[in-house]
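1. Sequence and predicted structure, then a few things I'm wondering about:
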Amino acid sequence: MVERRAPRWRGILSWLFLLVFCVALPVALLTGWARMVAIDSAAFGRTMADMAADGRVQDAVGRVVAARVAATVSGDNPTATEALQSRVVGEVVREAMSGIVESAEFRDIWETTTGGAHRLLVAEIGENRGEPVTLDFTPLTDNIQAEIAALDLELPPDFSFDAENLRIQVFDGSIADRIRLAAQRVELVFLVSMALAVVSLILSIGLAHNRLAALTRASFGLTLSMVALIALLLTVQGWVMGKTGTEGGADVAGVILDALSQGLRVAAVALAVIGLLLTGALAGVRALGVGTPRRLSASSDA
């Protein structure tokens with residue numbers, strides 16, 4: 001039995017389609033996650049409802065508000081006395097916020113303000129062009145003032161709680177517009193990248209001289225794709241965090257993004273492990289000699 005060699009171009013195309021698969025799959029999964037979790041209002045709302053009682057959310061909101069109030073007291077070029085006063089005020093507000101963020105009222109306001117910000121962020125630009133995205137906790141103003149008064153601690157005589165410190169800008173208008181445009185294109189990018197991933201995988205295996213070897217390569221490619229997906233997710237999160245507001249928006253946005261992407265990260269790790277297991281199993285089958293070239297022909301002496 002003599003092996004009949006497949007044309008070289010088929011092997012080259014098989015490797016090229018495998019590369020396309022490894023590139024397209026992470027994009028497809030990331031955009032699929034975005035359209036199903038990050039952009040879908042119902043899914044986003046359910047996630048935010050679950051997060052309202054999360055200690056990370058409560059700590060982030062309390063820390064941001066306390067820092068903004070302290071910065072208001074200290075001013076741009078604080079003296080030693082003003083710096084000390086701002087520190088005292090920040091600690092008082094932080095202690096007051098620790099009680100507020102654990103209340104049922106905070107959970108209701110959290111769901112309302114995050115839901116409104118989300119709708120504004122994923123809406124078509126139109127009349128929303130240039131509109132910044134802000135988390136508004138001003139309905140808590142009276143509760144916070146009452147909580148501060150109940151603490152009965154010494155504060156600067158001219159101190160007054162400014163409700164504006166409860167409006168936390170997450171994205172300015174220009175960045176919000178860029179995210180709105182990206183949200184409108186997610187569906188198209190998902191469909192194209194998923195089609196590319198499926199078709200390229202089929203062609204990579206179908207054009208290969210040894211299909212078992214091609215399956216082994218595709219399994220390892222799956223693992224590499226999941227590593228690329230995690231890197232892509234971290235890159236996107238880093239970009240979003242870098243574009244958040246300078247007044248504490250990054251802290252709150254970071255907690256939200258971490259909660260939204262948790263399922264995707266777990267899925268990526270699981271698929272990476274599955275890819276490694278499949279690679280090992282198929283490599284073992286090949287080592288045992290089960291895999292044979294796809295085309296064999298008999299030859300005889302003239």
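-> Here it is on my side, so go on. Numbering: from 1, shown residues only.

2. What residue spans form the domains of this structure?
-> 2-39+186-287, 43-176 (automatic domain parsing).

3. Can you lay out the ones you listed as JSON lines showing mean neighbour count?
-> Heads up, the C-betas are built off the backbone N, CA and C, glycines and all. JSON lines is the format used below for the domains of the chain (neighbours: other Cβ atoms under 10 Å):
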{"stretch": "domain 2-39+186-287", "mean neighbour count": "17"}
{"stretch": "domain 43-176", "mean neighbour count": "17"}
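
4. Return the member of those having the minimum mean pLDDT.
-> Lowest mean pLDDT of those: domain 43-176, a mean of 85.

5. End to end on it, go ahead and measure it.
-> Domain 43-176 has its terminal residues 20 Å apart, counting by Cα to Cα, to the nearest Å.

6. What is the burial count for residue 185?
-> The tally of other residues near residue 185 (other Cβ atoms under 10 Å) stands at 10.

7. Okay, it and residue 77: tell me how far apart.
-> From residue 185 across to residue 77, the span is 45 Å (Cβ to Cβ, to the nearest Å).

8. Repeat that for residue 8.
-> Residue 8 is 72 Å from residue 77, by Cβ to Cβ.

9. What of residue 104?
-> Taking Cβ to Cβ, one finds residue 104 at 41 Å from residue 77.

10. got it, and residue 238?
-> Distance from residue 238 to residue 77, by Cβ to Cβ: 32 Å.

11. quick one, strands of the chain?
-> In the chain, the strands defined using DSSP state E lie at 2-3, 133-136, 167-171, 296-297.

12. Spell out the residue ranges of the helices in the stretch 151-300 of the chain.
-> Assigned by DSSP state H, counting those that start in this stretch, the helices in the stretch 151-300 of the chain fall at 173-206, 211-242, 249-287.

13. Show me what the shortest one is packed up against.
-> Under the contact definition 3 or more Cβ pairs under 8 Å, 6 or more residues apart in numbering; DSSP states H and E, helix 211-242 sits against helix 8-33, helix 173-206, helix 249-287.

14. Now render those helices as CSV, adding distance to residue 94.
-> Formatted as CSV, those follow (distance: least, Cβ to Cβ, whole Å):
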stretch, distance to residue 94
helix 8-33, 34
helix 173-206, 28
helix 249-287, 13
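
15. So which of these is nearest residue 49?
-> Proximity to residue 49 (Cβ to Cβ) singles out helix 249-287 among the helices and strands packed on helix 211-242, at 11.2 Å.

16. In terms of secondary structure, what does the closest one contact?
-> helix 8-33, helix 41-51, helix 55-74, strand 167-171, helix 211-242.

17. Now distance to residue 125 too, for these, in TSV please.
-> Formatted as TSV, the helices and strands packed on helix 249-287 follow (distance: least, Cβ to Cβ, whole Å):
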stretch	distance to residue 125
helix 8-33	19
helix 41-51	17
helix 55-74	28
strand 167-171	13
helix 211-242	18
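
18. Send me stretch 113-125 as CSV with only the CA atoms.
-> Provided in CSV are the C-alpha atoms of stretch 113-125 (Å, rounded to 0.1, in the frame of the first residue of the first chain):
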residue,chain,number,x,y,z
THR,A,113,-29.9,54.3,38.1
THR,A,114,-27.9,51.5,36.5
GLY,A,115,-30.8,50.5,34.4
GLY,A,116,-31.3,54.1,33.2
ALA,A,117,-27.6,54.5,32.5
HIS,A,118,-27.6,51.3,30.6
ARG,A,119,-30.5,52.3,28.4
LEU,A,120,-28.8,55.6,27.6
LEU,A,121,-25.6,53.9,26.8
VAL,A,122,-26.9,51.2,24.3
ALA,A,123,-29.6,53.4,22.7
GLU,A,124,-29.2,54.6,19.2
ILE,A,125,-27.2,57.9,19.0
